[in-house]
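Enquirer: based on what follows, work out the 3D shape:
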Amino acid sequence: MSFDATGRVAYINEQMIELSARELSLLEVLLQRAGRLVSKDQLVERLCEWGEEVSNNAIEVYIHRLRKKIEQGPIRIATVRGLGYCLEKIQPGA
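Expert: Below you'll find the model as predicted:
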């Protein structure tokens, strides 16, 4: 997977994946902190930059959509129950 922060696009296997602006923002935060926990509060804060209130429930919906769109790639979004999310590399053959 590759992510162009300037162009605001993501690629899996050299194919651009269509992501909403909010999905891109979430992916960018997760990529910046890959392998480390990102709390729901941190994700809410990032999306609140859009000037709207965002609930924890909305975060779950965006994460679900994002997971579906990146499932063919070499990464996955793991849920750390009650705490947040962590972007992990998928081990080959796993």
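
Enquirer: where does the prediction get shaky in the chain?
Expert: When the per-residue scores of the chain are filtered using pLDDT under 70, the ranges that remain are 50-52, 92-94.

Enquirer: outside of the helix of greatest length in it, which residues touch it?
Expert: Longest helix of the chain, by residue count under DSSP state H: helix 56-70. By CB atoms under 8 Å, 6 or more residues apart in numbering, the surrounding residues in contact with helix 56-70 are 1, 10, 12, 17-20, 22-23, 26-27, 40, 43-44, 47, 76-77, 79, 85. Heads up, the C-betas are built off the backbone N, CA and C, glycines and all.

Enquirer: in this protein, which spans are helices?
Expert: For the chain, the helices defined by DSSP H occupy 21-32, 40-47, 56-70.

Enquirer: what is the burial count for Gln72?
Expert: Other residues within reach of Gln72, judged by other CB atoms under 10 Å, total 11.

Enquirer: give me phi/psi at it?
Expert: The phi and psi values for Gln72, taken as degrees, to the nearest 10, are phi -90, psi 0.

Enquirer: so it makes contact with Asn13?
Expert: Yes: distance between Gln72 and Asn13: 7.1 Å, which falls inside the contact criterion (CB atoms under 8 Å).

Enquirer: how many neighbours does Arg65 have?
Expert: By the criterion of other CB under 10 Å, Arg65 has 15 neighbours.

Enquirer: need the contact list for Arg33.
Expert: Leu87.

Enquirer: circling back: buried ones in the longest helix of the chain?
Expert: Ile59, Tyr62, Ile63, Leu66, Lys69, Ile70 (16 or more other CB atoms under 10 Å).
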